[in-house]
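Visitor: Next input, structure requested:
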Amino acid sequence: MARVSEQHDAEPLDATSPTAGEVTTEVEQAQPESATEPVEIIDAVTDPEGGIARAAELLAEGHVVVIPTDTVYGVAADAFNRKAVNALLEAKGRGRDKPPPVLISDAPMLQALGDKVPSYARKLVDKYWPGPMTVVVKAQDGLRMELGETKGTIGLRVPDHDLTRSLLRRTGALAVSSANRTEQPPAHSVAEAVEQLKGHVSYFLDAGPVADGPSSTMVNFSSGHYGELLRLGPHSLAELQETCPFLKDPMGLAPEPEPADETDADDATTEAEATDAEATTDTTTDSGAEAEAEPVAPPPGYSPN
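Guide: Residues are numbered from 1 along each chain as shown. Coordinates of the predicted model:
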């Protein structure tokens, strides 16, 4: 495995923490050492297996490692290691009031980490995982992840990146946030990540440039069955509502649809009336289909966007 070290003002972390995924109440604090300690860039371009093995080793020791994802490069830490997660937040210049989401290797982990996951959340991840879709759900009681002030919730995502999922299968769940200082642009290459995080992170897993795309869509299911849009990523509200028809947009993140001209509106009204008439006839003559249909009602006070 090839490793490339560059001399930067980096602060490597203490390697006395437990293995990734291990639950513990006593985790050694990852502390910065010499400001002249070199940055280690781990080559996963020519040696992906060696790169994954080295990154997994470092994460197991409680270090923070910059890794590739399908959207941007991210700062990763063992999600069960409070000190490592704190180091992640410190690297970004962020407080515990903004907990990082958690990347997982496959969809079944949603049920393992989330509590009473709503059916609409399951439908959404069935359609969009792996990919840029983060769902926030209630965390399992007793789940010993110290991610910050989560209020009993957890944000989960399966990335659409083969190398990242291979790493996750070795490490278990990882807390991951974009590899940039707060309020700065995200990094799409290791060079960009080093530029922002040198002196805060010592280890960078280089898998080549990541395509310049939007951050993941984020939908909150922790407070209701129907979901609320927290961040609009590559999916439109209309597209999401095909799967979650009563998805709310309380912050007005989605752009307002353009109004149709009068002619189009008249045509649409006439067509809708005809369709409604046909539908009425169908349900009257086909009582079996009507009985089998699963009724879906919006929550009280809901008004569609």
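
Visitor: need the strands for the stretch 101-250 of the chain, in chain order.
Guide: 102-103, 133-138, 153-157, 174-178, 203-206, 217-220, 228-231 (DSSP state E, counting those that start in this stretch).

Visitor: Would you mind giving the ones you listed as a markdown table with mean neighbour count, mean pLDDT and distance to Val85 added?
Guide: (Glycine included, C-beta is placed from N, CA and C.) Listed next are the strands of the stretch 101-250 of the chain as a markdown table, based on neighbours: other CB atoms under 10 Å; pLDDT from 0 to 100; distance: least, CB to CB, whole Å:
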| stretch | mean neighbour count | mean pLDDT | distance to Val85 |
| --- | --- | --- | --- |
| strand 102-103 | 24 | 99 | 10 |
| strand 133-138 | 23 | 98 | 17 |
| strand 153-157 | 23 | 98 | 13 |
| strand 174-178 | 25 | 98 | 5 |
| strand 203-206 | 25 | 99 | 16 |
| strand 217-220 | 24 | 98 | 19 |
| strand 228-231 | 18 | 97 | 20 |
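
Visitor: quick one: which of these is nearest Ala44?
Guide: Closest to Ala44 of these is strand 203-206 (CB to CB; 5.5 Å).

Visitor: on that earlier part again, please convert the strands of the stretch 101-250 of the chain to JSON lines, extending it with distance to Tyr73.
Guide: As requested, the strands of the stretch 101-250 of the chain are exported to JSON lines (distance: least, CB to CB, whole Å):
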{"stretch": "strand 102-103", "distance to Tyr73": "13"}
{"stretch": "strand 133-138", "distance to Tyr73": "17"}
{"stretch": "strand 153-157", "distance to Tyr73": "15"}
{"stretch": "strand 174-178", "distance to Tyr73": "7"}
{"stretch": "strand 203-206", "distance to Tyr73": "8"}
{"stretch": "strand 217-220", "distance to Tyr73": "19"}
{"stretch": "strand 228-231", "distance to Tyr73": "18"}
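
Visitor: so which of those comes closest to Ala254?
Guide: Ala254 lies closest, by CB to CB, to one member of those: strand 228-231, at 7.0 Å.

Visitor: any idea how the chain splits into domains?
Guide: Here the domain parsing of the chain from automatic domain parsing is 1-105+160-212, 106-157+214-251.

Visitor: Check the ones you listed for me: which has the lowest mean pLDDT.
Guide: The stretch with the lowest mean pLDDT among the domains of the chain is domain 1-105+160-212, at a mean of 84.

Visitor: and the domains of the chain, which is most packed in?
Guide: domain 1-105+160-212 (a mean of 20; mean count of other CB atoms under 10 Å).

Visitor: and it, how far from the chain's centre?
Guide: Here domain 1-105+160-212 is found 15 Å from its chain centre; the criterion is CA atoms, centre = their mean, to the nearest Å.
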